[in-house]
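A.B. asks: Provided below are the primary sequence and the corresponding predicted coordinates.
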Amino acid sequence: MRLRQSISATAAFFSARSARIDKVVCSWRECYVFQLYLPDQGKKWLVCSLENSAFTALICDSPFPSGDGPVGNHWRSLRIVLKGGVIAGAVSASGERGLELWLKRCRARRLILHAGQMTALGSDGATLWSLRPGRRPASLRFIEQEAGCGKMMEAGQLAGLLFESVRARRLKEIRREKKKAERALAKVLVDRARFEQADIMQQRAELLKSQLYLLHKGDEEAVLQDYFSVQGGEVRLPLDPTLSPQDNMQRLFKKALKYRRGQDIALQREAALRETISKLEDDLEEARVLDFSHRALLFVSSVRIQKKGDRGEAGQLPYRTFPGNGWTIYAGKNDRGNETVTFKLAGGNDIWVHARNYPGSHVVVKPHKKGTLLPEEVYLKAAKLALFYSPVGKAGGREEVVLIEVKHVRKIHGGRAAQVTYGKGRTLMVTLEAGFRPGSLFQESQDT
């Protein structure tokens, strides 16, 4: 909401009270937003447009949407210069075409804002920071180009443009992920149909085993009595003439086992992909019907499409660590953390722990020395952590937890982040008491 419309009124606003600068953001082309804190009024936002034709400074009492501001060293230096600063006063400059802020408690003492120019000066008048031409981000413009009137847009109009822009980008991202998941599901259905022949392979291997004495090395085909058919009759099986009858039989048994395992994996992948597609359809519908409002704007503006290589906030790791005597347990905080723990931090022989049949944190037990055998109580601690960081664990109860070597854990092709399938392993039945906390398992835990 616009509270002040003239430069002199904005200057008078700061002359009557002090305001602390909490944050500086370059939101769009030639627009800079200062997040302020006033002891008597709380948070306010000073929005300055440095457009050459119309310099404007507005004070808003609601969060102003921020765009993809620059993060280069040039802008970091501005934040350093203004960090902790307090606006002690202000005055209009250049005949209502500029604003000069008087600062204290920071390196800069004066901040001069003009059309196309921003300069921070020190106590001795030296220039600490200045706006360089060509360093402004190219994003949404403040001038309402369609109307062609050359007037500044209201904050609500600009927020509406941002809302639609972010929503369009979000819809495009969801559609791309949904199409990718549907292609993967089609491939899984083809594989599942092929793996359904596991029972047939097993029957053929059993027939070959029961009549092995009739065969000789070099036979290209075996004509066998079909004991599995109600009508009886004969069945013809192709053989590899370079292999002995025993080797042909073993080959069929191995193929049947492979198909059976592949069938289990295909069923898991199909369920996970169908769940993914259903969730993406819900997200797509939600993004379509979302109305523009203050709450909706905050929701959509907070959506950040994660790109490859994104490390998140500085100093924050997406997983927790629980160090012990000769071992460390890692537990993912989110999808990115789960992928990091399972596929980057863990070795092939480390133990992967997860709540059975529930989504939740990926937990990995990693010994400090490769090949070290750890006590069973260490794995029990990891199992309790995996159950605690799952939807059913925090209320307490008794559930199954799987323990598998990391080398038997595989990503689901086309699935969402951190969706995996796993092979052979063992299962523990774990009980969590109500009110359980991870700190009770460890003398010292660290949440990074």
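C.D. replies: Noted; the coordinates are in hand.

A.B. asks: C-terminal to the helix or strand of the chain with the lowest mean pLDDT, what's the next element?
C.D. replies: Within the chain, no helix or strand scores below helix 294-301, which has a mean of 41 by mean pLDDT, DSSP states H and E. Next helix or strand after helix 294-301 toward the C-terminus (DSSP states H and E): strand 319-323.

A.B. asks: pLDDT (mean, whole number) over that next one?
C.D. replies: For strand 319-323, mean pLDDT is 87.

A.B. asks: Which other helices and strands does the biggest helix by length in the chain contact?
C.D. replies: Ranked by number of residues, the top helix in the chain under DSSP state H is helix 245-289. Applying 3 or more C-beta pairs under 8 Å, 6 or more residues apart in numbering; DSSP states H and E, one finds that helix 245-289 makes contact with helix 155-195, helix 198-210, strand 420-422. Where you see a C-beta, it was placed from the backbone N, CA and C, and this is true even at glycine.

A.B. asks: For Ala382, find the nearest of these.
C.D. replies: Evaluated with C-beta to C-beta, the helices and strands packed on helix 245-289 place strand 420-422 nearest to Ala382, the distance being 15.2 Å.

A.B. asks: Pairing partners for the closest one, with directions?
C.D. replies: Partner strands and pairing direction for strand 420-422 (DSSP bridges) are strand 409-411 (antiparallel).

A.B. asks: which of the residues in the partner strand are buried?
C.D. replies: By neighbour count with 16 or more other C-beta atoms under 10 Å, strand 409-411 contains the buried residues Val409.

A.B. asks: for the stretch 301-448 of the chain, which spans come out with low pLDDT?
C.D. replies: Residue ranges of the stretch 301-448 of the chain with pLDDT under 70: 301-316, 394, 442-448.

A.B. asks: Could you rerun that using 80?
C.D. replies: Along the stretch 301-448 of the chain, segments meeting pLDDT under 80 span 301-317, 392-396, 413-417, 434-448.

A.B. asks: Regarding the residue positioned nearest the centre of the chain, what is its secondary structure?
C.D. replies: In the chain, the residue lying closest to the centroid (C-alpha atoms, centre = their mean) is Arg336, at 5.2 Å. Here Arg336 is recorded as helix under DSSP: H, G, I helix; E, B strand; the rest coil.

A.B. asks: And the nearest residue to Tyr319 once chain neighbours are set aside, how close does it get to Arg320?
C.D. replies: In this structure, Tyr319 finds its nearest non-sequential neighbour in Gly337, 4.1 Å apart by C-beta to C-beta, 6 or more residues apart in numbering. Distance, Gly337 to Arg320, by C-beta to C-beta, to the nearest Å: 8 Å.

A.B. asks: Domain-wise, how is the protein divided?
C.D. replies: 7-150, 319-440 (automatic domain parsing).

A.B. asks: Make TSV out of these and add distance to Glu221.
C.D. replies: What follows is these, written out as TSV (distance: least, C-beta to C-beta, whole Å):
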stretch	distance to Glu221
domain 7-150	67
domain 319-440	35
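
A.B. asks: what sits against the residue of the chain most remote from its centre?
C.D. replies: Computed with C-alpha atoms, centre = their mean, the residue of the chain farthest from its C-alpha average is Leu214, at 60.6 Å. Going by C-beta atoms under 8 Å, 6 or more residues apart in numbering, Leu214 touches 222, 224.

A.B. asks: now do Glu433
C.D. replies: Glu433 touches Gly396, counting by C-beta under 8 Å, 6+ apart.

A.B. asks: For it, what are phi and psi?
C.D. replies: phi -80, psi 150 (degrees, to the nearest 10).

A.B. asks: quick one, what contacts the nearest residue to Ser244 once chain neighbours are set aside?
C.D. replies: Spatially, and ignoring its direct neighbours in sequence, Ser244 is nearest to Lys217 (4.8 Å; C-beta to C-beta, 6+ apart). Counting by C-beta under 8 Å, 6+ apart, Lys217 touches 241, 243-245.

A.B. asks: likewise Asp240?
C.D. replies: Per C-beta under 8 Å, 6+ apart, neighbours of Asp240: 247-248, 251.

A.B. asks: That one and Ala205, how far apart?
C.D. replies: 14 Å.

A.B. asks: what's the answer for Trp129, then?
C.D. replies: 78 Å.

A.B. asks: Can I get the helix or strand hosting Ala9 in PDB? Just the C-alpha atoms.
C.D. replies: Ala9 belongs to helix 7-15 when assigned by DSSP H and E. Only the C-alpha atoms of helix 7-15 are listed here, as PDB (Å, rounded to 0.1, in the frame of the first residue of the first chain):
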ATOM      1  CA  ILE A   7       9.800  12.900  -2.000                       C
ATOM      2  CA  SER A   8       9.400  15.700   0.600                       C
ATOM      3  CA  ALA A   9       6.800  13.700   2.400                       C
ATOM      4  CA  THR A  10       9.100  10.700   2.500                       C
ATOM      5  CA  ALA A  11      11.900  12.800   3.800                       C
ATOM      6  CA  ALA A  12       9.600  14.200   6.500                       C
ATOM      7  CA  PHE A  13       8.700  10.700   7.500                       C
ATOM      8  CA  PHE A  14      12.300   9.800   8.200                       C
ATOM      9  CA  SER A  15      13.100  13.200   9.900                       C
END
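
A.B. asks: residues in contact with that helix?
C.D. replies: By C-beta under 8 Å, 6+ apart, helix 7-15 touches 3-4, 46, 55-59, 87, 89-92, 96-99, 101.

A.B. asks: Identify those among those that sit within helices.
C.D. replies: The members of those all map outside helices under DSSP H.

A.B. asks: between the domains of the chain, which one is nearest to Leu284?
C.D. replies: Judged by C-beta to C-beta, the one of these that comes nearest to Leu284 is domain 319-440, at 14.3 Å.

A.B. asks: Between its first and last residues, what's the separation in the closest one?
C.D. replies: Length of domain 319-440, first residue to last, C-alpha to C-alpha, to the nearest Å: 19 Å.

A.B. asks: Now stretch 356-364: buried residues?
C.D. replies: Residues of stretch 356-364 classed as buried by neighbour count (16+ other C-beta under 10 Å): 356, 360-364.

A.B. asks: wait, which of the contacts of Asp240 is closest to Ala108?
C.D. replies: Arg251 (78.3 Å).

A.B. asks: contacting residues for the closest one?
C.D. replies: Applying C-beta under 8 Å, 6+ apart, the residues near Arg251 are 240, 243.

A.B. asks: Please report how far it lies from Ile59.
C.D. replies: 79 Å.

A.B. asks: ok, now Ile174?
C.D. replies: Relative to Ile59, and taking C-beta to C-beta, Ile174 is found at 37 Å.

A.B. asks: Ok, Val24 next?
C.D. replies: Distance from Val24 to Ile59, by C-beta to C-beta: 15 Å.

A.B. asks: Alright, I will stop here.
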